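Participant: Have a look; sequence and predicted model below, questions after that.
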Amino acid sequence: MHYLIISDIHANLVALETVLADAPDFDEIWCLGDLVGYGPNPNECIERIQDFRHISLAGNHDWAALGKLDLRNFNTDARNANLWTQSELTPSAREYLDGLPTSIEQDGFYMAHASPKEPVWEYVLDTNVAYTNFAYFSTPICLVGHTHVPVIFTLDEQRQRCHTMIPSLPDPVSLDQQRMIINPGSVGQPRDGDPRASYAILDSESMIWEFLRVAYPVEITQERMRARGLPRRLIERLEMGR
Ligand code: ZN
């Protein structure tokens, strides 16, 4: 099977459509959470993903939009954007988000929005946190989102530590050598200094993973955010990829 791996769309429909058009052929979408929050098109993103055979996980912003998380845990801009999202969601969008699991195992892969240890909140940003998390799933590979930074953490079992592998595009990565925690990066709000939408393609037969980037018209999303009165800092960060 060929899977399109996406995460952290954050209601950025323009970025999502660009990824869907750019992606090589796939059989199914695996979305690692945060369909909404920050961006201008939450309902449209939820509707669009349902056009495909897919699996979708709940992220912290999805839960916040449902009132399942205390908004005091978010910074001011994220909180304000989330209040706007709460007021905007249709009943069917809310129902969709409410039915999402926080982690799942599929086709031999484990997935969680944030981390296997804390599926909704923990940031796997460094090798120490990554190392701890290998004890919380039993499959060879775990996929996470949440940090908005594409990365692979590989487990070095002999030395009991992890290594960081920063993706070098377009080199495919072979997944059958060691255990890994992999983040495909963010479609709708990348934070690694590259404003292009980030995603991946996984071939589960050959066990090949490919990171991909595609530029999308950031200014259209920014214009929609301005029209909806969303926070200025959230609008500006899109063009910086920070
Ligand atoms: Zn996110």
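Facilitator: Happy to help now that I have it. What you are looking at is a predicted structure, and each value in this text was computed from that prediction instead of being measured.
Participant: who in this structure is up against the ion?
Facilitator: Asp8, Asp34 (CB under 5 Å from the ion). From N, CA and C alone the C-beta is placed, and that goes for glycine too.
Participant: just for the chain, where's the confidence low?
Facilitator: For the chain, not a single residue meets the criterion pLDDT under 70.
Participant: Distance-wise, check the residue lying closest to Ser198 once chain neighbours are set aside relative to Leu32.
Facilitator: Excluding its sequence neighbours, the residue lying closest to Ser198 (CB to CB, 6 or more residues apart in numbering) is Gly185, at 2.8 Å. Gly185 sits 10 Å away from Leu32, going by CB to CB, to the nearest Å.
Participant: Check Ser138 too.
Facilitator: Using CB to CB, Ser138 is found at 19 Å from Leu32.
Participant: for Pro101, same thing?
Facilitator: 11 Å.
Participant: The residue nearest to Ile46 when sequence neighbours are not counted sits in which helix or strand?
Facilitator: In space, Ile46 comes closest to Ala93 once its chain neighbours are excluded; the distance is 4.6 Å by CB to CB, 6+ apart. Here Ala93, judged by DSSP states H and E, is contained in helix 91-98.
Participant: Okay, buried residues for the helix or strand just after that helix please.
Facilitator: Scanning forward in sequence from helix 91-98 by DSSP H and E, the next helix or strand is strand 103-106. Buried residues in strand 103-106, counted by 16 or more other CB atoms under 10 Å: Ser103, Ile104.
Participant: Ok, stretch 92-102 next?
Facilitator: Buried, per 16+ other CB under 10 Å, within stretch 92-102: Ala93, Arg94, Tyr96, Leu97, Leu100, Thr102.
Participant: any idea how far the fourth one lies from Ile181?
Facilitator: Looking back up the chat, that one is Leu97. Taken as CB to CB, the span from Leu97 to Ile181 is 25 Å.
Participant: what secondary structure does the residue nearest to Ser198 sit in?
Facilitator: coil (DSSP: H, G, I helix; E, B strand; the rest coil).
Participant: follow-up on the earlier one: could you list every helix and strand in contact with the helix holding Ala93?
Facilitator: On a contact count with 3 or more CB pairs under 8 Å, 6 or more residues apart in numbering; DSSP states H and E, helix 91-98 meets helix 42-49, helix 60-65.
Participant: Out of those, indicate the one that is most buried.
Facilitator: Neighbour counts (mean count of other CB atoms under 10 Å) averaged over each of the helices and strands packed on helix 91-98 peak at helix 60-65, with a mean of 26.
Participant: As a quick check, tell me the outermost residue of this protein.
Facilitator: Distance from the centre of the chain peaks at Gln158, with 30.6 Å (CA atoms, centre = their mean).
Participant: In contact with Leu20: list those residues for me.
Facilitator: Leu4, Arg48 (CB atoms under 8 Å, 6 or more residues apart in numbering).
Participant: Please spell out which residues along the helix or strand hosting it are buried.
Facilitator: Using DSSP H and E, Leu20 sits within helix 13-22. For helix 13-22, burial by neighbour count (16+ other CB under 10 Å) applies to Leu13, Val14, Ala15, Leu16, Glu17, Thr18, Val19, Leu20.
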